[in-house]
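Visitor: Starting from these lines, generate the structure:
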Amino acid sequence: MKSALITGANKGIGFETAKQLLQKGFYVYLGSRDLNKGLEAVEKLKSEGLTNAEAIQLDVTDESSVKAAREDIGKKSGALDVLINNAGINGGMPYTALEARADQFTAAFNTNVLGVARVTQAFIDLLRKSAEPRIVNVSTSVGSLSLQSNPSWPAYDYAKYAVYASSKAAMNMYTVHLAYELRDTAFKVNAVCPGYTKTDFTNHNGGEVEEAGKRIVRYALLDQNGPTGKFFSEETNPETGEIPW
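Guide: Purely as a prediction, here's the structure:
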């Protein structure tokens, strides 16, 4: 049975992604900063007949929490097949480049960039033991420098979230380097935008969470001929999915 770890999986897109991977026969570790919320999420999944789920206390901003999660999963599983770095924050208001405080940038980068690096580095040894390791870094189209600087982009005039967008752009660069360093291996590493989705993150505006989950799962299940080192947003580019960095 293949296994997956999803950070920030106790609700929203992370939870839906866990649900869909469970339906496809995976054993899923639901990383949750608050373990009680993770346990509640697991119970909800089990009430739907999805029993191969387990809550793991995992705060991506806390080195000791990440290490403890790695030790815990390592004792239970000889390998990890999929890592989905989903946990993220927007940094809070105000969002603009001239008004956002330094502490907002610090918090967003600590979760959205350093958190991804911490978790990836902690679990890379377990991923290397998989025959088909996959890493999906959950991103956003507003983290695209090309789109954000293009006046013809439909979201040009309203998708200006300086803190969140800059942290995701930095995470995208981490993804590029990670994919490069793993280029001659079986790894597939991609950044994926699930789209504007109805969750707490968007005050429940946007598309359906089921579609967002499908978009992430699609890249978690890539075969050996699948792409790596790419940036995908099927909401932005329905034809091929790929968008510019």
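Visitor: From residue 157, how far off is the residue most central in space within the chain?
Guide: Centrality entry for the chain: nearest residue to the mean C-alpha point is residue 86, 2.5 Å, by Cα atoms, centre = their mean. As for residue 86, its distance to residue 157 is 28 Å (criterion: Cβ to Cβ, to the nearest Å). Just so you know, the C-beta spots here come from the backbone N, C-alpha and C atoms, and that holds for glycine as well.
Visitor: before we move on, the earlier item: ok, now which ones touch the residue nearest to the centre of the chain?
Guide: 6, 7, 8, 9, 13, 14, 17, 138, 216 (Cβ atoms under 8 Å, 6 or more residues apart in numbering).
Visitor: possible to save those residues as TSV with neighbour count, distance to residue 91 and pLDDT?
Guide: Converted to TSV, those look like this (neighbours: other Cβ atoms under 10 Å; distance: Cβ to Cβ, whole Å; pLDDT from 0 to 100):
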residue	neighbour count	distance to residue 91	pLDDT
6	30	22	98
7	28	17	98
8	27	15	97
9	32	21	98
13	26	18	96
14	28	18	97
17	30	23	98
138	27	16	98
216	25	22	98
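Visitor: Mind checking which of these land in helices?
Guide: Judged by DSSP state H, helices contain the following of these: 13, 14, 17, 216.
Visitor: what's the farthest-apart pair in the residues you listed?
Guide: Pairwise distances across those peak at 8.9 Å for 14 and 216 (criterion: Cβ to Cβ).
Visitor: any common contacting residues for those two?
Guide: 84, 86.
Visitor: Please work out how many residues are found near the nearest residue to residue 235 once chain neighbours are set aside.
Guide: Nearest non-adjacent residue to residue 235, counting by Cβ to Cβ, 6 or more residues apart in numbering: residue 195, 3.6 Å away. Counted with other Cβ atoms under 10 Å, residues neighbouring residue 195 total 19.
Visitor: Burial check on residue 102, number of neighbours?
Guide: Residues near residue 102, counting by other Cβ under 10 Å, number 7.
Visitor: meant to ask about residue 244, not that
Guide: If we define neighbours as other Cβ under 10 Å, then residue 244 has 12 of them.
Visitor: Contact partners for it?
Guide: 144, 146, 147, 231.
Visitor: can you tell me which of the residues you listed are in strands?
Guide: residue 231 (DSSP state E).
Visitor: out of the contacts of residue 244, who's nearest residue 1?
Guide: Nearest to residue 1, judged by Cβ to Cβ, of these is residue 231 at 30.2 Å.
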